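1. no sequence for this one, just the structure:
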């Protein structure tokens, strides 16, 4: 275990595969990872459980928590649809000596990178193409055509932020992407300094 727990941030457009990569890494015991559960203002979807998938706060409480400065980062992703990282969540996991892994939008990912420059690595997961992204979102069958169109439109803007991340993984071969993610995270965790510093 490292002396100082670290932050591993995965960001990507919806459908790029970041959640699949994060789930893969969480199964690897020697990485000593714990998942940071984000807070959301939306209601739970079918099968989602409060405190496991998200902390479902509702819009009024989310706004109250913003005013109380309870978030490390938050973003209004769509109109009145907020997501964020609670300070208490990261503190809870660091108290357990865990390296904290995030599956969050690109704006939140870059904010975490800037807030913890020496303890954080930011990884952007790039889909093979916007067309492939659209196909993956449709295959999920969890959202309306209108919502999918919104996500695809947003993806072009998100893709433009990729160079601001420490590492880019192109997810056109899932097994290869999993191995790359594992190698990147293992190397970072076992270094004593941040991604942009030298020993």
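-> Received the coordinates, thanks. Fair warning: this is a prediction, and the values are worked out from it, not measured in the lab. Residues are numbered from 1 along each chain as shown.
2. what does stretch 13-33 rub up against?
-> Stretch 13-33 has contacts (C-beta atoms under 8 Å, 6 or more residues apart in numbering) with 1-2, 8, 10-12, 34-35, 97-101, 103, 106, 125-127, 133-134, 136-137, 140, 151, 154-155, 158-159, 169, 171, 174, 177-178, 181-182, 185-186, 189. Bear in mind the C-beta positions are built from the backbone N, C-alpha and C, glycine included.
3. out of those, which are buried?
-> 8, 10-12, 34-35, 98-101, 103, 106, 125-127, 133-134, 136-137, 151, 154-155, 158-159, 169, 171, 177-178, 181, 185, 189 (16 or more other C-beta atoms under 10 Å).
4. among those, which are in strands?
-> Counted as lying in strands by DSSP state E, out of these, are 8, 10, 11, 34, 35, 99, 100, 101, 103, 125, 126, 169.
5. got those residues as TSV, with distance to residue 57 and pLDDT columns?
-> Output for those, formatted as TSV (distance: C-beta to C-beta, whole Å; pLDDT from 0 to 100):
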residue	distance to residue 57	pLDDT
8	24	98
10	22	97
11	21	95
34	21	97
35	18	96
99	26	96
100	20	97
101	21	97
103	18	93
125	26	96
126	31	92
169	31	96
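6. mind checking which helix or strand residue 61 is in?
-> helix 59-67 (DSSP states H and E).
7. Show the subsequent helix or strand relative to that helix.
-> strand 71-78.
8. And that following strand, what does it pack against?
-> Here strand 71-78 touches helix 59-67, strand 81-86, helix 87-95, helix 106-115, going by 3 or more C-beta pairs under 8 Å, 6 or more residues apart in numbering; DSSP states H and E.
9. Go through the ones you listed and name the closest to residue 147.
-> Nearest of these to residue 147, taken as C-beta to C-beta: strand 81-86 at 10.5 Å.
10. Okay, buried residues for the closest one please.
-> Within strand 81-86, the residues that count as buried by 16+ other C-beta under 10 Å are 82, 83, 84, 85, 86.
11. Which residues are in contact with the second one?
-> For residue 83, the contact set (C-beta under 8 Å, 6+ apart) comprises 38, 39, 40, 41, 54, 74, 75, 77, 104, 105, 108.
12. From residue 155, how far out is residue 113?
-> Using C-beta to C-beta, to the nearest Å, residue 113 is found at 20 Å from residue 155.
13. which sections of the chain are below the confidence cut-off?
-> For the chain, the stretches with pLDDT under 70 are 1-3, 192-199.
14. The residue sitting nearest the centre point of it: what's it in contact with?
-> By C-alpha atoms, centre = their mean, the chain has its centre lying nearest to residue 103, at 1.9 Å. Contacts for residue 103 (C-beta under 8 Å, 6+ apart) come out as 10, 18, 19, 22, 35, 38.
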